[in-house]
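**Student:** A structural model of the following input is requested.
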Amino acid sequence: MENVVLIVHLILALGLIGVVLLQRSEGGGLGMGGGGAMSGRQAATALGKVTWVLAAGFICTSIFLTIIAAEKSAGSSVLDRIAPARQAPVESTSPALPADGGSLVPPPSGAGNELTPSAD
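**Tutor:** Here you go, the predicted model:
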């Protein structure tokens, strides 16, 4: 279904480009200029009507393609799809804590492995 709408969308886009290029240039943008008549509304030509129909179809297919894309990505994020691929196993360089809950701080340099203090 999505491919059919996409093909129709592309045909409408190309048709719209062609019809706009075929229209006669009036000069002076935004409806200014063009002929001696200063009327605000000009007679609609056949190409003008075709342009409106193609533009309306283009907008409708754009909205429909947006809805299809939103349904396909419901509940997922781009980051969710990228994150598993980017995660690599992390090797820890820090030593593990001792099982008895001791400290990772080494003993002072003068101390040995004695469990009782020496009596001097």
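
**Student:** tally of neighbours for the spatially closest residue to Leu6 that is not a sequence neighbour?
**Tutor:** Residue nearest to Leu6 in three dimensions, not counting chain neighbours: Leu65, with 6.6 Å by CB to CB, 6 or more residues apart in numbering. To be clear about C-beta, it is placed using only N, CA and C from the backbone, and glycine gets the same treatment. By other CB atoms under 10 Å, the residues close to Leu65 number 15.

**Student:** go on, Val78?
**Tutor:** Using other CB under 10 Å, Val78 has 8 neighbouring residues.

**Student:** what's the answer for Ser76, then?
**Tutor:** Ser76, neighbours per other CB under 10 Å, totals 9.

**Student:** Assign it to helix, strand or coil.
**Tutor:** Using DSSP: H, G, I helix; E, B strand; the rest coil, the structure places Ser76 in coil.

**Student:** how close does it sit to Ile82?
**Tutor:** 11 Å (CB to CB, to the nearest Å).

**Student:** Name the residues of the strand or helix carrying the residue nearest to Leu6 that are buried.
**Tutor:** In this structure, Leu65 is located in helix 46-72 according to DSSP states H and E. Buried residues in helix 46-72, defined by neighbour count with 16 or more other CB atoms under 10 Å: Val50, Thr51, Leu54, Gly57, Phe58, Thr61, Phe64.

**Student:** Quick one: residues contacting the closest residue to the second one other than its chain neighbours.
**Tutor:** Same thing as Thr51. Leaving aside its chain neighbours, Thr51 sits nearest to Val19 (5.1 Å; criterion: CB to CB, 6+ apart). Applying CB atoms under 8 Å, 6 or more residues apart in numbering to Val19 gives the contacts Leu47, Val50, Thr51, Leu54.

**Student:** where does the chain dip in pLDDT?
**Tutor:** 27-43, 83-107, 110-120 (pLDDT under 70).

**Student:** tell me the helices in it, going along the chain?
**Tutor:** Here the chain has its helices, by DSSP state H, at 2-22, 46-72, 78-86.

**Student:** Rebuild those as TSV, extending it with distance to Pro108.
**Tutor:** Below are those laid out as TSV (distance: least, CB to CB, whole Å):
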stretch	distance to Pro108
helix 2-22	71
helix 46-72	64
helix 78-86	44
